[in-house]
Every structure is written in structure tokens, then in C-alpha cells.
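With the input below, show me the fold.
(2 chains)
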Amino acid sequence: MVKLSVNGMKHNIDVEMDARLLDVIREDLNLKGTKNGCGIAECGCCTVLVDGEKTLSCQITVEDVLDSEITTIEGLGKNHPVKKAWIQEQVPQCGYCQPGQMMAAAALLDENSDPSQSEIVEGMDSVLCRCGAYQRIVKGVRTASKMMND
Amino acid sequence: MTTLMDRRTFLKESAKYTGLAIAIVTTKGGFEIVHAVDSGFKFNAWLEITPANTVIISSGQCELGQGTHTAHGKIIADELGADWDQVEIKQGGVHQDFNNPFFKMQFTGGSMSIRHFYTMLRTLSASARQMMESAAAKKWDVSESECRAVSGKIIHKKSGKSLTFGEVSSAAASMPVPKSPKLKPDSEFRFIGTDIPRVDIPQKVAGAPVFGVDYMVSGMLHSVVARPPALEAKPESFDKDKAMGIKGVVKVAELPTGVAVCATTLDAARKGIHALAVKWGVSVRPDLDDDTLEKIHMDYLKKEPISSNAKGDPESALAGAAQRLDVKYYTPYITHAILEPMSCTAHVQKDKCEIWAPTQSQTITQMVGMHVTGFKPEQIIIHPIYTGGAFGRRTSADYVADAVILSKMTGKPVQVVWTKEQNMGNGLFRPAAAHHVRAGLTKSGEISGMWHKVSTASIMKQFMPSMMPESGADPSSMEGIWNRQPHHRRTFYDIPDFKADLHQPEFPIRLGWWRSVMEATNNFAKESVMDELAHAAGKDPVQFRLSALKTDPRATHVLKKAAKDIGWGRSLPENHGLGIAVHFCFGSYCAHAVEVSVDRKTGWIEVEKMVCVVDVGVAISPENIKMQVEGGTVMALSTTFKEEVHFSNGAVTSSNYDNYPVIRMSEAPFIDVHIFESKEAPGGIGEVPVPTTAPAVANAVFDAVGIRLRRLPFTNEAVLNALS
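Take a look at the predicted model:
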């Protein structure tokens, strides 16, 4: 049995130490918000926060995060500026990459609450959007930034 | 002592939750079956008004992130006179009321969800509105013409009396359905033309489990199917015992598409596939690789066409031309590269089959369910769920069949999920296309004849063979060059002497519709050729096009506006260029104008500025239209610069985003979108921005550095080769 701390709650789960964190989140904890998009660190759909740091959950195992606080999209909170901005700007199209986008945005704004255009792109480039909604994603980050700084 | 609710209250209360027409009421003597009087108003599968004053709108089209459900809600709510707060929007299953009025099936594709349904939805809503107004008029004993539906109430202005929709709903249900309901004037629209927050967004932002791969049902088995990497290869051997030995694996089965492992967990299914170690036979076409495919497509252009269409006298016009252009173009196979893997959950029970799947067609999904189970249509229950990317991929129900077969075998609900490699490499692909265009110019630089040959495999032949004409020639392969009727015109430009030939090679490569389909491949050639002709004639590319669009005022205004917005004709720095392209497809006009810069050392093409102008007729949701233009343009730019499915030794080698890269945020420009204000009938938008993107870039590259790129994608290598 393994103890993991996810979204502020402690879980005891029966998984192997080398299990991928993405699979444990989705299949063992039934938190379906974090998505599987590629499995090879190219798409960013599996982005979570590990101790506040932007992390690709398809690239780490349970063993890597035993002593860490993991945050998924479900743990971001309804009133998080990123979520409010995403609704205000109507960012998602199909929506599949958006949990990854929002987690990347949360990580970026936590470190730098007033990023420039190039800082936004640098912080967000790790997450693909096949629908091509990048323009609105950037707008979402800007609006979230404004909400945080007002 | 028990207190019995009185009958009227019971019926009223239960109708709130169930909308039932029949109820069982307990009485002193036992029980009574009664007809409820307050059962609300179910107009048809699209529209229901409950006694509790909720307007339930069910859309038979699928919400793919293109805003269709919200748009349908607006159209119905506006015509009905509802208040937006009382509207509840639901996804519809299979129902004949939901059929596309033009081709009698449910299909969310071809950018048809607004343009094919606009009039129908307004008409049914106007009927329901009139029936409510009649019911109120009857109740108040006043003239119908004095009763109006406004913001969820029927109001009698003279007396000040009003009834909510809910209060009048049951009486409305028994009013006669008006034969020709009167539609509202556009000036009375409150929702159409405004931007109301989309109903699908809150769940997507919350990270709710709303996608195909997220779906969970109790007792569900997980399945992964091993599929051949080589075209139509068959499994030669696999280790069934080893797979069954994995903890959690409950079944191994050979399917038409491959070898399946079913297990109690996804992890066990994946481990089972690994243990199975399938040995695949050879490809049916080991000779196929990228170069061979391109060569075969080009060689077909020299053969006899499978179909030939013409107007005027193109042979004489070409023969008599002062100048002739003779060019070839090529677009490779591309794939949808959707982020969410294909998946389907199916549960075959004794007398019904339930299917939960992302889909673009409930009808096609239902047909697959019927084919596998042998059940009647009404026994197949489809629950469409959100898709993490559609773009035409979810029109095929190929990912449905396996789940239904396995559920039938195991007697349990089964969820099949594709691997990333299968998602990328197992199709479906937009067919490659080779073009050969000959065009003539008179001495004064007007077009004198055009002959456009296309060599491309038929999607329809694979997908819907029953719809193929006797000739065997796919009529959709030439769309954008030689349009099928009904259409506004055969050829986009006023070219009186025109010949269009289709050459149709065939390969064991699985094909499908990819956002705008052949309009994109054909328009790449068409708009590049117009540009080549303009330059050959020594004319400005915008003026040259306008002179062949004199009879098309809407094409004219989008082209002019795009040119104006990019600053056509301004002086540019070295290695910068401007390009433009215009087209009509899926009911709407679109023009892209772009400024690029080309790095001669690296071959990198930078999009410095991009504008897109669309005329979609009545714009239901302007911001949503802009988002579709932005997204569609970015997706098209991805195919312009990066995308090509690779083949080697008769197998697809493209397997994930590392070897099939798609455009990232750092590579995507911002698009300035302008929507023309129009009262014309609504056209589509989802696919509309794709066809003009690549040729606008190609034309800008020519303006910048004088190279003509005639093959997609424009990789750095391709640019450097052309420059040398």
C-alpha cells in the first residue's frame, strides 16, 4: 500500500512503486480531469503540480512523489483566478487539453503574476492545443493575471 | 393515520420531475390510474416546456467544442420568446426528429449544424410559441393576436394578464399545430447575434469526467486491441496463455481489426497486450513509402480520368492562349492527431445495446451497433459524450465496433481505448492529392481556359460505398474546383472555359474526412495557380482575382476587406511578402491575407501578421465564430508547415507527436478576424477557414523571396531546397 497526498487529501492505494502518476490519478483515484494525450512528454495534457511545480504526470512514478503534495485540476478550486478567467474568456473549444493548460497557467502565474507575452508563451508552450485555441489561452492567462493583480 | 395528497397536487408535483402523462394515485378504495392534466408541453424531440417553467432544448447535433448546443439553444429560445434563465440544454440521442432535414440522418460534420437547421428550428419554435399564445388566448377568451410570448411569459397587453410558459404548457399541448407559423423579424432577436456563455464550458473548466476515455460504468471491463502497424497485415501468432496469465485479464479475442485483451483494469489490459506479443504478417503493399505514393499519384495524372467535366471550350481557349501555365501540386496524407485517444464504451444486454461514445453521428454509431448485435434500431441506445477533438475523425464508428463485439462476447460493459500510436498511425487519413493545372492567358492578361486534373483516392468509396455513383468517380473529390450541385456556381471564379478531370488511384490506406476535406487540398492548388497566373500576367494578385469575381459581390467584399486589413500594397522590409487567398465553401465566404518573412539561412517562414475575413450570413454567435476562425486557421497552419503522415515498407511510421509534430503556441500567430454583418441565410464556419490558409502563405512566400512552394508541408528543408 502506498500513501499519496493529492489535492490536500491523503490516500492509501494499492499500486506498484513504478506505476505512472498519471495512471494512478486517473484509474486508482478516479480523478479524470488530468488527461492522457501522448505519454512521451510532448503534449502536456497530463500536467499537474508537484509541490507547486509544473510537472508532466506521465513522466513520473509514484515513488517520485511519495513525500510531495500533488495538485490536479480538481484541486485548483472553483474560484481560482485561472478558472474564473477561463470562463470569462470562454477559452475551451473541445476542452481536452484545458486542464493541462490551466495547470500550466496556474504554475506560471504563481511564479510570476504579471508575465509578458514572451513569458506567457514560454510558460505555456509545453501544452498542445489541437483545436488551435492558443490565442484565447493567452487571453485567459492575461485576464487571470489582471484578476490576481487588481 | 396517513394523509393522502389530493390528486391535483400529486399530479402537479410528480409532473415537475417526470413530465409523465399517466400517474397512479392512491385512493380510499385502493388506487386509480389517471391521465395527468399538468404534464407540460413536449413539442417534439427538440423542445419541451415543463409545468415547472423549464424550457428543455435537446440538440440532435453533437457539441464538439464548436458551440453548436448553445447556438441551437439561442435560435430556439429567441423564436420561442423564452428567457435564457429558464433554458436547459441537453444532448439528444437518436431520434428521427433530429435528422438533418436535407439528408435524413444525424451527422455533425460539413459545417452544417446551423445552416441546415436554422429554418427548421425557428419554424418549430414559432409553432410552439403560437400554440402557447393560442392556449392563453383561449383561457382568457381574447383574440390570439393580442397575446405575445415575451421573456418566458404569454402577455395580454390590453389587460395586463400574463401566464408563464409553464402555466400554459399543458393547455398548449392540445392546441392544433399551426401549418405556417410566422417567424419573428430579426429585429426582435435577443440572443442571436450576441455572445452568451457556452453551456459546455463550465464542466470543461472544472475538469469534470465528460470525455469518452473518462466514462465509467459499474462492472466495466477495459480493453486494448493490438492492431497491425503494416497495412492490412494479419496476426500470424500471439501468446494467448501468457496474456491470460496476467492478473486481471479475463479474455483474449481475435477481432476483424486485431487482437483484443479485456481486463478488469486498464493497467492489466495494457500489460496483457504486452504479454500477447503479437507477431504480424507482412503488409499487403510493402512497396509503399512516401516517394512511391507521391509518384503513383503523379503517374495517375497521365492516365485516362475516371470522370471528366467541362464547360465552354477549354481546349480551344488553351490552344489560342498567348501564354500558358503548366504546373503540378501535391498535398500528402495527413492525420487528425487528436489529443484524446479513440474510445468507446458499449454494453450489449439481452434486448438492448447501450453505447457511450464521442461521436459525430448518432446514426452511423447506431448502424454499427445494429450490424454487430442484429438488434432493431430502437434497441440501440446512443449516449453521445464530449470528444477531445473531432475534426471529422469521429464520423467513422470504427472505434465503436470493437467495443460492441467485445461486450457481446463477455456479457459486460466494455470500454475500448486506443493506444497513442494507434490513434496517430491507424488512420483515418485525409487522402493525398496530386494536381496538374494547365491555364492560359490572353495577350492582355485575362484567363483563357483552364484544365485542372486531380489525382486522389476516394473517401466515399471506403466510407459510404452505397452513395457512390455508377461511374465509380467520387463526386466530392473535386469540391472547390468543380462543385457538385446544388451550389452557387460550378467554379469559384468566372472562367467560362474550364475542364475538371478526376483520376482515382486506390490504396489499402484508411481514409476519412479531415476538417474541410478536399476543399483544402483543392484550394491550395486553385489559389496558388491564380497567384501564378497573376504574376505571369504582370497583374496585381488582388486585382487579377477581382476581375474574375465580377458576378460574386460577397467574394469581392471579403477579398477587398482582407487586402485592406493586411495593408496590401505597402512597402515591406527585405524577405517579407504579402499573400492572399479567397474561397467559398460550406455556405460561407472566406479570405486570408498574410505577411510572412523568410529566413534565407534556416528556411524558417515566420507569420508576421495574419487577417481573416468571413461572410457567414447571419452570425449566431460572433465571438464563437471568431474562435472557430482562429482555431481553424492555426490547425491549417499546422498542415502548412509541419504535417505529413510517413510510410515505409508498406507501414505507417508516424506514431506520436515526436514524429508527427503539430503546431505549438510559440509557432501560432494571432489572427485578426473580421465578420461581415449580413442578413443572408447562415453559412457554416467550422471548416471554412482551412482552405485559404496554406495558399495565402504560399503566395506570401513567393512575394517575399520569389520561390513557388507547390508541395505541403513547407518545412525548413523544403524552403532551403527551393531557395538553392
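
tell me the contacts of B:G603?
When contacts are counted by CB atoms under 8 Å, 6 or more residues apart in numbering or on different chains, B:G603 is found next to B:T715, B:N716, B:E717, B:A718, B:V719, B:L720, B:L723. The C-beta positions use only the backbone N, C-alpha and C, and glycine is treated the same way.

ok, now how distant is it from chain A?
21 Å (CB to the nearest CB, to the nearest Å).

B:W568 too?
Distance of B:W568 to chain A, given as CB to the nearest CB: 23 Å.

Over to B:N99?
Counting by CB to the nearest CB, the gap from B:N99 to chain A is 25 Å.

For that residue, give me its contacts.
Under the criterion of CB under 8 Å, 6+ apart, the contact partners of B:N99 comprise B:G60, B:M105, B:Q106, B:T363.

ok, the residue nearest the centre of chain B - contacts?
Per CA atoms, centre = their mean, the C-alpha nearest to the average position across chain B is that of B:G109, at 3.5 Å. Each residue near B:G109 by CB under 8 Å, 6+ apart is listed here: B:Q360, B:S361, B:G392, B:T395, B:W513.

is it true that it lies in a strand?
No: judged by DSSP: H, G, I helix; E, B strand; the rest coil, B:G109 forms no part of a strand; its state is coil.

re earlier: could you tell me which of the contacts of B:N99 belong to helices?
Within these, membership in helices is found for B:T363, as judged by DSSP state H.

Longest helix of chain A, counting residues only.
Every helix in chain A considered (DSSP H), the longest is helix A:134-149.

so which strand or helix has B:E167?
B:E167 belongs to helix B:165-173 when elements are defined using DSSP states H and E.

Could you give the number of residues near B:K601?
9 (other CB atoms under 10 Å in any protein chain shown).

Please tell me how far it sits from B:L720.
Distance of B:K601 to B:L720, given as CB to CB, to the nearest Å: 9 Å.

Then B:G67?
For B:G67, the distance to B:L720 under the criterion CB to CB works out to 41 Å.

try B:I114
When B:I114 is compared with B:L720 (using CB to CB), they lie 44 Å apart.

Then A:M148?
When CB to CB is the yardstick, A:M148 and B:L720 sit 45 Å from each other.

Regarding the residue most central in space within chain A, what is its secondary structure?
The geometric centre of chain A, computed from its C-alpha atoms, lies nearest to A:M103 (CA atoms, centre = their mean), at 2.7 Å. Three states are possible here, and by three-state DSSP the one that applies to A:M103 is helix.

Next, work out how far apart it and B:N44 are.
If you go by CB to CB, the gap between A:M103 and B:N44 works out to 43 Å.

Give me every residue in the stretch 601-724 of chain B that's in contact range of chain A.
Among all residues of the stretch 601-724 of chain B, those adjacent to chain A (criterion: CB under 8 Å from any CB of the partner chain) are B:623-624, B:627, B:630-635, B:638, B:656-658, B:662-666, B:668, B:670-671.

Just the ones in strands from those, please.
With strands defined by DSSP state E, the entries of these inside them are B:I671.

Restricted to helices, list the residues of the stretch 601-724 of chain B next to chain A.
Using DSSP H to define helices, the subset of these located there is B:E623, B:N624, B:M627, B:E630, B:G631, B:G632, B:T633, B:V634, B:M635, B:S638.

Could you verify my assumption that B:I671 touches A:Q135?
Yes: distance between B:I671 and A:Q135: 6.8 Å, which falls inside the contact criterion (CB atoms under 8 Å).

between the two, what contacts are shared?
Taking CB under 8 Å, 6+ apart as the criterion, B:I671 and A:Q135 both touch B:E630, B:V634.

Doesn't B:Q415 belong to a helix?
No: remark: B:Q415 does not belong to a helix; assigned using three-state DSSP, it is strand.

For B:A173, which residues are in contact?
When contacts are counted by CB under 8 Å, 6+ apart, B:A173 touches B:S39, B:G40, B:F41, B:K42, B:M131.

for B:V417, same thing?
For B:V417, counting by CB under 8 Å, 6+ apart, the contacting residues are B:V213, B:H222, B:S223, B:V224, B:L266, B:P341, B:M342, B:S343.

With B:Y118 instead?
B:Y118 makes contacts with B:I75, B:V618, B:A681, B:P682, as judged by CB under 8 Å, 6+ apart.

Now do the third one: how many residues are near it, please.
Other residues lying near B:A681 total 13 when counted by other CB under 10 Å.

just the second one next, same as before
Using other CB under 10 Å, B:V618 is surrounded by 19 other residues.

Over to it: give its phi and psi.
Note on B:V618: its backbone torsions stand at phi -60, psi 130 [degrees, to the nearest 10].

which non-adjacent residue is nearest it?
Using CB to CB, 6 or more residues apart in numbering or on different chains and skipping residues adjacent in sequence, the residue nearest B:V618 is B:P682, 4.6 Å away.

picking that back up, which one of the contacts of B:V417 sits closest to chain A?
Sorting these by distance to chain A puts B:L266 at the head of the list, at 5.5 Å, by CB to the nearest CB.
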